[in-house]
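>>> Need a 3D model of the following:
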Amino acid sequence: MTPQERALVNPRVRLTPREQLALRAAFTEALPAGAVVFLYGSRTDRNAAGGDIDLLIHVPGIDFDAELKLERRLRAALEARLGERKIDLLFTPTLSKSAKPFVRLAAHGAIRLYPSASQGANCCEACCAT
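Purely as a prediction, here's the structure:
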C-alpha cells in the first residue's frame, strides 16, 4: 500500500484497507461531486464480528428518481470492486434535523468514509442533535 493509500484508510472501522480503498474507488466513480458517505452499524464497532456494510450517502437535494439511478450505478461499481457483498445503501438529501428519523438514527455514531476520512471524522452534529 502506498503512503497516499495508507492516508485514506480509517483505522476506526471494521473494514480491511483493501475494502476501504475499493469502496472509495466505487464512490469516486459513481457518486456526484458533493456527495458524502458515512459508515454506520456494526462495522463501526471494532469489537463486533460479521455484519453487512451499511452506508449512509448524503447527496444534497437528491430526489427519488435520481436516487434510483444513482443506486444502480453505485451498486454496479461496488460489485465490480468487492464482488457480491451484502451492502445496505441509505440515501438522504439532507443531514439536518429535518432528515427522516431512520437517517438521523443511522447518522448517530456514523463514521465518515468519503470524500476523506480525515475531513471530519463523524456525522454532522445537526443530524445527531435531538
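>>> can you pull the contacts of Met1?
By Cβ atoms under 8 Å, 6 or more residues apart in numbering, the contact list for Met1 reads Val9, Pro17, Leu21. The way it works is simple: take the backbone N, C-alpha and C, and place the C-beta from them, glycine included.
>>> Would you mind listing which of the residues you listed are buried?
Buried members of these, counted by 16 or more other Cβ atoms under 10 Å: Val9, Leu21.
>>> of all the contacts of Met1, which comes closest to Thr44?
For the contacts of Met1, the minimum distance to Thr44 (Cβ to Cβ) is 14.9 Å, reached by Val9.
>>> Next, the contact list for the nearest residue to the closest one once chain neighbours are set aside, please.
Excluding the flanking residues, the one nearest Val9 by Cβ to Cβ, 6 or more residues apart in numbering is Pro17, at 4.6 Å. Taking Cβ under 8 Å, 6+ apart as the criterion, Pro17 is in contact with Met1, Glu5, Arg6, Val9.
>>> ok, the first one to Leu8 distance?
This means Met1. 9 Å (Cβ to Cβ, to the nearest Å).
>>> Pull up the overlap in contacts between the two.
With Cβ under 8 Å, 6+ apart, Met1 and Leu8 have common neighbours Leu21.
>>> biggest helix in the chain, by residue count?
As assigned by DSSP state H, the longest helix anywhere in the chain is helix 64-82.
>>> Check which helices and strands whichever helix or strand comes after it is in contact with.
Counting by DSSP states H and E, the element after helix 64-82 in chain order, helix or strand, is strand 87-92. On a contact count with 3 or more Cβ pairs under 8 Å, 6 or more residues apart in numbering; DSSP states H and E, strand 87-92 meets strand 53-58, helix 64-82, helix 101-107.
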